[in-house]
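> this is the structure alone, sequence omitted:
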């Protein structure tokens, strides 16, 4: 930033006239704000002036966060992962002083792997997280195989060459990811789904592999559903077990303890049951208690064995689909080991969590005949029911950038919902958020991810301040035109309609006027204006700014085609909708080599293609 390279020394005694900046350790006289848990909670103090100073933190990770905060106060920005996301100002003369002390509002500020990723994508994300104040990373399953295999096999894009890929390579990548997280002191989360299949010799690779059949030696352990014990829909990850069977629980406990001993780098070990829903065991013994009761019984057995082995590893338990209904009989005997994770996967992102707690409704628990909540108020009713007997550490596990951002091409409406969601977590009794999402949610900008990071650190920062700061850093002059364009795209694409919360035209009766008006036909003119701006901006001498304008150019091209597809779908012209969608998908495939650092082509195509399939007809 200054053109001057400093000396880095371990000796705390400066030479005559030497300017010294002490970082970490005994950093001097700066007072770090107090935190509840010095290992898990982040706080730092910065006192830096032209004649030196100090940066200290509540733990080594916090010191690093403090360094990045100091650089941010001096004008640095990281608008997306990778070198093309870094903007460093050129400074002359004496640096301005930076003096502040700050603590994170929430403990849990992490991103969870999803979508399709290369090793480089994930390492870049891990590097980016502490730069923006985040403190954790989560690799799902035992080796994250499916997320990497999707990239290296280039699912959804036959134009790109595939690479050989196996579980050994996946394990090697995950080991490097864990190492990169450890270098930065990040809290590392691991596994989640997989404990219901891996201990029984069934591979928990992902959802798109199979079908897999169970051998006779495994069948007795599987959930009895509709009179049959079998792999649920051929997918081991989605297969629940007969949890009343002591041998089932013994194998799961042994596997968790074995994994814990082999992976001391894990800060939070997620122990979840199977994915899917309404697939719990219906045998006479299991039917005596809710799945959540058997789950808590299992967690207590794990806790006792981990305690016997001298392990203090924290276990994350899950409120999700069938487990949204709390236990009726069992209770955790050692709640201090456990962290509650609220995962409202069936919620809508049209509205944020309520500012004032409205009373939602819980549906009756009927085994394997459950109806899951969609409104945020109803989802909170289930959280409140669990909170009546567990008041320990907790966080929200949410999916804003998993699929829903494809319903909002401008990104502004969803980012605003995210901002309000995070601001209200404290009132919900939740101490942060782990975002289950594609790693490449930076198309055309990283404004939503900036909202995620900055609001988790300080919920008091206004939404517009975060978004405008990110866009100005990304685009330089002309950023306000980009903000107006993104706001327009969010309005014109009508995210509630794309979520299926508004009807299409009633073409069967020829009554187009009966449906709410949509603005898809206005999109091409607006994207033409953005395209003209982007063509000029992409020649900017700053590599970060030029890249931002190039991504916006691609975005305008995609939005124009996508709007034509949705307009035809709304009008009931399915053939035209399919034709326009096919053109959109081809643009995505053709430009993946250019946009892959910021856009998950696999996940976008996989999410949207069913909307234009013949079997769906009208929305």
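Thanks, I have the structure now. Everything quoted here is computed from the prediction, not taken from an experiment.

> starting at the chain centroid, how far to the lengthiest helix in the chain?
Longest helix in the chain, counting residues (DSSP state H): helix 543-571. Between the centre of helix 543-571 and the centre of its chain there are 23 Å (CA atoms, centre = their mean, to the nearest Å).

> buried residues in that helix, which are they?
For helix 543-571, burial by neighbour count (16 or more other CB atoms under 10 Å) applies to 544-571. Any C-beta I mention is one placed from the backbone N, CA and C, and that applies to glycine too.

> which helix or strand in the chain has the lowest average pLDDT?
strand 20-23 (a mean of 87; mean pLDDT, DSSP states H and E).

> now do that one: which elements does it pack against?
strand 52-57 (3 or more CB pairs under 8 Å, 6 or more residues apart in numbering; DSSP states H and E).

> neighbouring strands for the strand it packs on, and are they parallel or not?
Strand 52-57 has its sheet partners listed here by DSSP bridges as strand 20-23 (parallel), strand 43-49 (antiparallel).

> gap between the first one and the chain center?
The one in question is strand 20-23. So, by CA atoms, centre = their mean, the centroid of strand 20-23 is 35 Å from its chain's centroid.

> list the buried ones in it?
20, 21, 22, 23.

> before we move on, what about stretch 181-188?
Under 16+ other CB under 10 Å, the buried positions of stretch 181-188 are 181, 184, 185, 186, 187, 188.

> ok, so of those, who is nearest residue 74?
residue 184 (20.3 Å; CB to CB).

> just the pLDDT at that closest one, thanks.
We note a pLDDT of 98 for residue 184 in this prediction.

> you'd agree it is up against residue 131?
No: Residue 184 lies out of contact with residue 131 (CB atoms under 8 Å); the separation is 9.5 Å.

> quick one, phi/psi of residue 396?
Reported as degrees, to the nearest 10, the phi and psi values for residue 396 are phi -90, psi 130.

> cool, residue 457 as well?
Dihedral angles (degrees, to the nearest 10) for residue 457: phi -80, psi -40.

> count the neighbours of it for me.
22 (other CB atoms under 10 Å).

> ok, and the closest non-adjacent residue to it?
residue 133 (4.4 Å; CB to CB, 6 or more residues apart in numbering).

> pLDDT wise, what is that neighbour at?
On the pLDDT scale, residue 133 gets 98.

> how close does it sit to residue 483?
Applying CB to CB, to the nearest Å, the value for residue 133 to residue 483 is 23 Å.

> ditto for residue 345
Taking CB to CB, one finds residue 345 at 31 Å from residue 483.

> just residue 564 next, same as before
25 Å.

> what do you get for residue 37?
In terms of CB to CB, residue 37 sits 39 Å off from residue 483.

> ok so residue 37 is a strand residue?
No: under the criterion used here (DSSP: H, G, I helix; E, B strand; the rest coil), residue 37 is coil, not part of a strand.

> so what's the spatially closest residue to it that is not a sequence neighbour up against?
Here the nearest residue to residue 37 in space, its sequence neighbours aside, is residue 107; by CB to CB, 6+ apart that works out to 7.6 Å. By CB atoms under 8 Å, 6 or more residues apart in numbering, the contact list for residue 107 reads 37, 40, 41, 42, 393, 395, 431, 432.

> still on that earlier bit, which of residue 345 and residue 483 has more neighbours?
More neighbours surround residue 483 than the other of residue 345 and residue 483, with 21 against 16 (other CB under 10 Å).

> quick one: which helix or strand includes the more buried one?
helix 479-493 (DSSP states H and E).

> same question for residue 110.
Secondary structure (DSSP H and E) places residue 110 in strand 108-112.

> return the list of strands paired to that strand, each annotated with direction.
In the sheet, strand 108-112 lines up with strand 136-140 (parallel), strand 432-436 (parallel) (DSSP bridges).

> so what touches it?
125, 129, 133-138, 140, 186-187, 189, 395, 397, 431-437, 439, 453, 456-457.

> same check on stretch 67-81?
1, 23, 44, 46, 48, 55, 85-89, 91, 95-96, 98, 100, 102, 121, 124-125, 127-128, 130-133, 442, 445-446, 449-450, 469-470, 473-474, 544, 548, 597-598.

> change it to 7 Å
Applying CB atoms under 7 Å, 6 or more residues apart in numbering, the contact partners of stretch 67-81 are 1, 23, 44, 46, 48, 55, 85-89, 95, 98, 124-125, 127-128, 130-132, 442, 446, 470, 473-474, 544, 598.

> drop anything exposed from those residues.
23, 44, 46, 48, 55, 85-87, 98, 124-125, 127-128, 130-132, 442, 446, 470, 473-474, 544, 598.

> could you list which of those belong to helices?
124, 125, 127, 128, 130, 131, 470, 473, 474, 544.

> what's the closest of those to residue 275?
Distances from residue 275 to those, taken by CB to CB, are shortest for residue 125, at 23.1 Å.

> mind listing what that closest one touches?
If you count contacts by CB under 7 Å, 6+ apart, then residue 125 has 81, 111, 439 around it.

> what's the closest of those to residue 202?
residue 439 (27.1 Å).

> how much space between the closest one and residue 137?
10 Å.

> ditto for residue 609
29 Å.

> these two: who's more crowded?
Neighbour totals were compared for residue 609 and residue 137, and residue 137 leads with 25 against 15 (other CB under 10 Å).

> beta partners for the more buried one?
residue 111, residue 188.

> pLDDT score for it?
98.

> tell me which residues in stretch 250-261 are buried?
Of the residues in stretch 250-261, 251, 252, 253, 255, 256, 257, 259, 260 count as buried by neighbour count, 16+ other CB under 10 Å.

> now what about that stretch, what contacts it?
Contacts for stretch 250-261 (CB under 7 Å, 6+ apart): 195, 198-200, 269, 271, 298, 301-302, 305-306, 309, 311, 313.

> any weak-confidence spans in this protein?
For the chain, the stretches with pLDDT under 70 are 10-15, 26-28, 357-359, 504-517, 615-619.

> now do the domain split for it, please.
20-103, 108-473, 475-612 (automatic domain parsing).

> ends of the shortest one, how far apart?
Think domain 20-103. This stretch, domain 20-103, spans 25 Å end to end (CA to CA, to the nearest Å).

> same check on the longest one?
Using CA to CA, the gap from the first to the last residue of domain 108-473 comes to 26 Å.

> if anything else comes up later, I'll come back, but that's it for now.
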